[in-house]
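1. what shape does this take:
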Amino acid sequence: MKHMKYLIGIILFGSLWGFSESIIGPFFSDYGLPSGLIMTGFFALTLMVLSRRLYPIYGMQAGMGLVAGSLRMFNPLGGCHLCSALAIVAEGLLFELLWYSTTKYDFRKLNSITQKISLGIVTGYGVYVGGYIITQILTPLSFGQFYLNNLLSMVPQYLARGLPAALIGGFMIPVILVSLQHAPLRQHLNNTWYYPTSIGVSVLCWIIVLGNFFFI
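-> Model prediction:
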């Protein structure tokens, strides 16, 4: 039964992530704002940190990335669907690697604000830059047009893109961790409304995104 709760959690948070990328993200692009940076720095990091606090298991964020990436492929708005989907999946995997040890100890051991800020900076930078670079490799490979020299020549620019993400992570993650520090989050897993609410929200996210895909 516990495994089923985790599976539903992956679908729920992954659907929320995919919904935000598919429906909310394009609005930032329409106004000339860096939607990729905003969606990763604010939305994706919030969902991944919250899920890590709520579900103390490995693979949660990787699973969320797969669900969100799959949903992103049905987004009729914005640019390259494959690029965005690959970036989302990569971000979930990179978060898992960077936060590997956080399922082994209590979050309260991150007892200083300096530790929380440092974790946020490393996470924001690593997830955003790593996801971007992986996308720049896998997308050309999928079309048989990958050239290593082109990638290497652009690496300095890719690395420079991570500074705003590091700053956002350094702010957002401490705020999230402090906000959740004393919240009895895991009690909600035993709530009788857990399954119907989680499934209902997930289905709604998919209906909205798929509705846009077929009718826009």
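2. helices of this protein, start to end?
-> Counting by DSSP state H, one finds helices in the chain at the ranges 2-19, 25-30, 35-38, 45-54, 60-72, 81-98, 113-142, 148-160, 162-180, 194-215.
3. mean pLDDT lowest for which of those?
-> Between the helices of the chain, the one with the least mean pLDDT is helix 25-30; it has a mean of 84.
4. roughly how far out does it sit from the chain middle?
-> Chain-centre distance of helix 25-30: 17 Å, with Cα atoms, centre = their mean, to the nearest Å.
5. pick out the residue nearest the middle of the chain.
-> Nearest residue to the geometric centre of the chain (Cα atoms, centre = their mean): Ala44, 3.3 Å.
6. can you name the residues that contact that one?
-> Each residue near Ala44 by Cβ atoms under 8 Å, 6 or more residues apart in numbering is listed here: 17, 20-21, 88, 91, 127. Quick note: C-beta positions are derived from backbone N, CA and C, even for glycine.
7. and the helices of the chain as CSV, adding mean neighbour count?
-> Shown next, in CSV, are those (neighbours: other Cβ atoms under 10 Å):
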stretch, mean neighbour count
helix 2-19, 20
helix 25-30, 16
helix 35-38, 20
helix 45-54, 21
helix 60-72, 25
helix 81-98, 22
helix 113-142, 19
helix 148-160, 11
helix 162-180, 18
helix 194-215, 14
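8. picking up where we left off before, roughly how far does the residue nearest to the centre of the chain sit from Gly200?
-> 23 Å (Cβ to Cβ, to the nearest Å).
9. quick check: chain neighbours aside, which residue is closest to Ser20?
-> Phe43 (4.6 Å; Cβ to Cβ, 6 or more residues apart in numbering).
10. next one: Arg72
-> Among residues not flanking Arg72 along the chain, Ala85 sits closest, at 4.6 Å (Cβ to Cβ, 6+ apart).
11. so that neighbour sits against Ser70, correct?
-> Yes. Applying Cβ atoms under 8 Å as the test, Ala85 and Ser70 come out as touching, 7.2 Å apart.
12. now do the contacts for the residue nearest to Ser20.
-> Taking Cβ under 8 Å, 6+ apart as the contact definition, Phe43 lies against 17, 20-21, 24.
13. still on that earlier bit, identify the farthest-apart pair in the contacts of Ala44.
-> Ser20 and Val127 (15.3 Å; Cβ to Cβ).
14. list the contacts for Tyr100?
-> Tyr58.
15. look up how far Leu94 lies from it.
-> Counting by Cβ to Cβ, the gap from Tyr100 to Leu94 is 11 Å.
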